[in-house]
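Visitor: Prediction below, plus the sequence it came from.
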Amino acid sequence: MHSFPTICTPRGPVPEAAPHWNPQRSSSMPSHRYRPAFDRVDIPLTGRSWPQARIDRAPLWVPVDLRDGNQALAEPMDTPRKRRMFDLLVAMGYKEIEIGYPSASRTDFGFVRHLAESGAVPDDVTVVVFTPAKAELIERTFESVAGMDRVVVHLYIPTAPVWRDVVLGRSRAEVHGVVLDAARQMDRLARARPGADIRFEFSPEVFILTEPDYVLEICNSLTELWDASPDRPVIHNLPATVEIATPNVYADQIEYMHRHLDRRDSVILSVHPHNDRGTGVACAELAVLAGAQRVEGCLFGNGERTGNVDLVNLALNLHAQGVDPMIDFSDIDEIRRTVEHCNRLPVPPRHPYGGDLVYTAFSGTHQDAISKGFAHHADSGSQLWSVPYLPIDPADVGRTYEAVIRVNSQSGKGGIAHLLRSNHEVDLPARMRADFSRTVQDATDDSGLEATPKDLWDLFDATYLAPGRDGSVALTSWSAESGPAGEHRFVCTLRVDGREGDYEGTGGGAVSAFTDALEGAGVTVTVLDFAEHGAAGGPVTAYAECRVGERVCWGAGQDASGVAASVAAVLSAVNRAELRAAPGGAEARPAIEDTV
C-alpha cells in the first residue's frame, strides 16, 4: 500500500444540504479565501442571446505564438525558430499574425526587422506588434515596423482594480489618461506614414476582472480618438488574462460589450482567453456566440501558466461541426513537429486532435463500435462522416487508420478482428473472433504490453495455421475430385500418431469427403461452421469450427487453392483438439516482446 503523508484525507462533517447518496466530506483546502466570480464583477446584462446562437462561420484567427507564446518559453525562440514558426502560420492560412513585442528585447526587435527587410510577409498578411502604454516603447515599436505596409499596433494596459491599485498605483481616471496619451502618440506616428495601412488594437488587460462600465468608457473613447470607420476599424481585444469564472460569465461580459460599444460596425470585437481553469476553449466558443469576431491564441495552447486558448482545438471543433475553419490542418503531424521544434515543448499524446493517441482505441467496446462504423461508412457510400468515437475522419488531418485501433489486454474481439482484416486480409467469422480474442488477451496479460499487428499475425499463425501444417494428424498426400452427380471423392494418405495409411472418403463437398476419410482413420469430425474468402490474385483463407470427439475447436488454413485451404482448416481444428486432449496439453504461442 502506498501512503500519502502530505495529503490530508477529508474528515470534516458532511454538509447539511448534501443528499444521502453523497457522502463527501469537507476538505482541508482553504476555499473560503476566494470569492465567487459574480462577487468580483457586476455584469449589467439582461436578456442574453448567446445561449441560442450558433457558430456558422470561422472568426478571424490571430496566432500569438511569436509574442505571447514566446514570452512563456523557458528558452525563447531565436530568429531561425521564429521564422520557421512564422512560415508555418502563413502556410496554414493565417492572415493576421502577432509577430512580437519589439520594444521588449533585441531579439524581438531584430525578428520584426528581419521580416520587414526579407520580404517574408505576403501581401495579404497583416502583422501585429505589441506595446505597453509607454511613450518610449511606442516609439521603439513604430521603428521596428518601418517599411511594412500592413500593420496592427497593439496597445495594452492593465485595467482591473487589483492591477490598478497594486501594479500601477493609479486611479481609474489616471489609467484612462495614460491610455489616451498613448493612443494620441500612436495616431501621430501612424499619420507620419501616409502610405502604410496602420490600424490599432487595444487590450484592457485583465478585462475579465475589470468593471464593465470602465472598459466601455475607455474603449469608446479610443474608437472616437482613432476615428474608427468600417473601412478602417479599430480592434478592441478583451482578454480573459487570468481565468477566474465559468465560461458563461465571460460570454455575458462579451455580449454586454458587443451590445454597447459605440460605432459597432467600425469595431472588431476580439477575445484573448487564457486557460487557468482549463476552460479556455469553452470561453472562446461562448465568446464567439456572444458577438466576438476575432480570436487570439496559440497552436496547441502554449502560453503563460496553463497557456493561451488552443487555436488547433478551436478550429477543428468547427470543422467537426461542418464549418470551414478557414485554416489548413491537413497535415497535423507536420504542424505538431514544427511547433514542438520551435517551442521545445512536447504536445501531450492525448491533446485534442493533434496528440499521438487521440484517434486510438484500446478498449474492446470502443474498437468494436469503430470497426462496425468503418464498415458501415464504406458500405453506405455517404460522404457524411458518422463513425462512433471518432468526431472527425483522421484522414482529414493526415492521419492513417493504422493507429486507430491498437490491442492490449483491455481490447476486445472487434478490434483484434479489425486489425487482422485491415493488415492481413484475414476476416474472422463472428464466433471465431471470441475464440481468438481469448488467446490474444492471455498473451497481452502475460506480457503487459501492446500487441502490434505483426504480433497478432504471429499469434494467429501459431494458433490456427501452424496446427494444419504440422501436427499429430497430417496429410502426406491427397487428391480430390467431383463425380457426375455432385458427389466428391477424397483420396489421401494420412499419418495419425505416427502411423501412416491410405484412406478414401466421399461426401457432398470436398470438406465432407475429407471428414469421411478421417472417419476411416479413426478420427471423428463434425464441421459446425465453415467460411472462406480470398482476395483477387491472393491466397484463400478458410475457417472451420469442428467437433472432434468431445471437444470443439476452430482451425484455419491458407493456400492458393480453396480446397487445400479448407482441408488445412479442418486439419488445424483436429490437431488443436488432439493437443488439448493430451495430458497437460497446451498450445504454444509466440511471446509478445517490447519493441520500444
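Guide: Received the coordinates, thanks. Predicted model, so just to flag it, every value in this text is computed and none were measured.

Visitor: can I assume S371 sits in a helix?
Guide: Yes - under DSSP: H, G, I helix; E, B strand; the rest coil, S371 falls within a helix.

Visitor: Can you give me the separation between the residue lying closest to it once chain neighbours are set aside and F374?
Guide: Closest residue to S371 apart from its sequence neighbours, by CB to CB, 6 or more residues apart in numbering: H418 at 3.9 Å. Glycine gets a C-beta too; all of them are placed from N, C-alpha and C. To F374, H418 is 7 Å away according to CB to CB, to the nearest Å.

Visitor: Of those two, which one has the most company?
Guide: H418 (25 against 19; other CB atoms under 10 Å).

Visitor: Look up phi and psi at the nearest residue in space to G538 that is not next to it in sequence.
Guide: Nearest residue to G538, sequence neighbours excluded (CB to CB, 6+ apart): E425, at 6.8 Å. Phi and psi for E425, reported as degrees, to the nearest 10, are phi 60, psi 40.

Visitor: need the contact list for the residue nearest to S371.
Guide: Q367, I370, S371, F374, I405 (CB atoms under 8 Å, 6 or more residues apart in numbering).

Visitor: you'd agree the third one is up against G414?
Guide: Yes - under the contact definition of CB atoms under 8 Å, S371 touches G414, with a separation of 4.7 Å.

Visitor: looking at it, the residue nearest to G538 is touching G537, isn't it?
Guide: No - using CB under 8 Å, E425 makes no contact with G537, being 11.4 Å away.

Visitor: Please, which helix or strand holds the residue lying closest to S386 once chain neighbours are set aside?
Guide: Distance criterion CB to CB, 6+ apart; nearest residue to S386, sequence neighbours excluded, is H377 at 6.7 Å. In the assignment (DSSP states H and E), H377 maps to helix 364-380.

Visitor: Is the closest residue to E136 other than its chain neighbours in a helix, a strand, or coil?
Guide: In space, and not counting its chain neighbours, E136 is closest to S103: 7.9 Å by CB to CB, 6+ apart. Three-state assignment for S103 (three-state DSSP): coil.

Visitor: quick thing: my sequence starts at 473, can you match it?
Guide: All right, first residue 473 from here; so that's S575.

Visitor: where does S575 fall, phi/psi-wise?
Guide: phi -80, psi 0.

Visitor: Centre of the chain to the helix or strand following the helix holding H849, how far?
Guide: The helix or strand immediately downstream of helix 836-852 is helix 885-896, counting by DSSP H and E. When C-alpha coordinates are averaged (CA atoms, centre = their mean, to the nearest Å), helix 885-896 and its chain have centres 23 Å apart.

Visitor: quick one, helix 885-896 and helix 836-852 angle?
Guide: Between helix 885-896 and helix 836-852, the angle comes out at 50 degrees (axes from the mean of the first three to the mean of the last three CA atoms, to 10 degrees).

Visitor: Counting by contacts, list what the helix or strand just after helix 885-896 packs against.
Guide: Counting by DSSP H and E, the next helix or strand C-terminal to helix 885-896 is helix 902-919. For helix 902-919, the packing partners by 3 or more CB pairs under 8 Å, 6 or more residues apart in numbering; DSSP states H and E come out as helix 885-896, helix 925-932, strand 1012-1020, strand 1023-1031.

Visitor: Buried ones in the longest one, by neighbour count?
Guide: Neighbour counts using 16 or more other CB atoms under 10 Å place K885, G886, G887, I888, A889, H890, L891, L892, R893, S894, H896 of helix 885-896 among the buried residues.

Visitor: Report the angle between it and strand 1023-1031.
Guide: 20 degrees.

Visitor: Report the angle between helix 885-896 and strand 1012-1020.
Guide: Using the same axes, to 10 degrees, helix 885-896 lies at 140 degrees relative to strand 1012-1020.

Visitor: Can you verify P552 is assigned to a helix?
Guide: Yes - counting by three-state DSSP, P552 is part of a helix.

Visitor: That one and G541: what is the separation?
Guide: Distance from P552 to G541, by CB to CB: 16 Å.

Visitor: So these two - more neighbours on which side?
Guide: G541 (28 against 11).

Visitor: Let me know the distance separating the more buried one from F602.
Guide: 12 Å.

Visitor: Check A875 too.
Guide: Per CB to CB, A875 is found 39 Å from F602.

Visitor: higher neighbour count, those two?
Guide: F602 (26 against 14).

Visitor: That one: which element?
Guide: strand 598-604.

Visitor: now for that strand, which elements pack on it?
Guide: strand 568-572, helix 578-590, helix 607-616, strand 622-630, strand 669-677.

Visitor: 6 Å instead?
Guide: strand 568-572, helix 607-616, strand 622-630 (3 or more CB pairs under 6 Å, 6 or more residues apart in numbering; DSSP states H and E).

Visitor: and the ones you listed, which is most packed in?
Guide: strand 568-572 (a mean of 26; mean count of other CB atoms under 10 Å).

Visitor: quick one: strands adjacent to that one?
Guide: strand 598-604 (parallel) (DSSP bridges).

Visitor: Roughly how far does the residue nearest to G1010 sit from S1038?
Guide: Taking CB to CB, one finds E897 at 17 Å from S1038.

Visitor: the more surrounded of those two?
Guide: Set E897 next to S1038 and count neighbours by other CB under 10 Å: S1038 wins out with 25 against 13.

Visitor: That one and V983 touch, don't they?
Guide: Yes - the pair S1038 and V983 qualifies as a contact (CB atoms under 6 Å) at a distance of 5.2 Å.

Visitor: quick revisit: now do the residue nearest to S843 against D868, distance only.
Guide: 20 Å.

Visitor: what do you get for A889?
Guide: 25 Å.

Visitor: same question, Y573
Guide: Taken as CB to CB, the span from Y573 to D868 is 35 Å.

Visitor: ditto for G1006
Guide: From G1006 over to D868 (counting by CB to CB), the distance is 33 Å.

Visitor: Then A563?
Guide: A563 is 17 Å from D868, by CB to CB.

Visitor: ok, and what's touching stretch 788-802?
Guide: Contact with stretch 788-802 is made by A530, M564, G565, A787, Y825, P863, I864, V869, G870, as judged by CB atoms under 6 Å, 6 or more residues apart in numbering.

Visitor: Tell me how many other residues surround the second one.
Guide: Same thing as M564. 22.

Visitor: same deal with the fifth one?
Guide: As a burial measure, the neighbour count of Y825 was computed by other CB under 10 Å and equals 24.

Visitor: What strand or helix carries it?
Guide: Per DSSP H and E, there is no helix or strand for Y825.

Visitor: Report how many residues lie close to the nearest residue to it once chain neighbours are set aside.
Guide: Nearest residue to Y825, sequence neighbours excluded (CB to CB, 6+ apart): L788, at 4.5 Å. For L788, the neighbour count with other CB under 10 Å is 22.

Visitor: can you check M798 too?
Guide: M798 has 17 neighbours, counted by other CB under 10 Å.

Visitor: gap between the one residue sitting closest to the centre of the chain and N785?
Guide: Centroid check for the chain by CA atoms, centre = their mean gives Y825 as the closest residue, at 2.2 Å. Using CB to CB, Y825 is found at 6 Å from N785.

Visitor: now do E776
Guide: For E776, the distance to N785 - CB to CB - is 18 Å.

Visitor: between the two, who's got more neighbours?
Guide: Higher neighbour count among E776 and N785: N785, with 20 against 16, using other CB under 10 Å.

Visitor: my guess is the more buried one is in a strand, correct?
Guide: No - counting by three-state DSSP, N785 is not found in a strand; it is helix.
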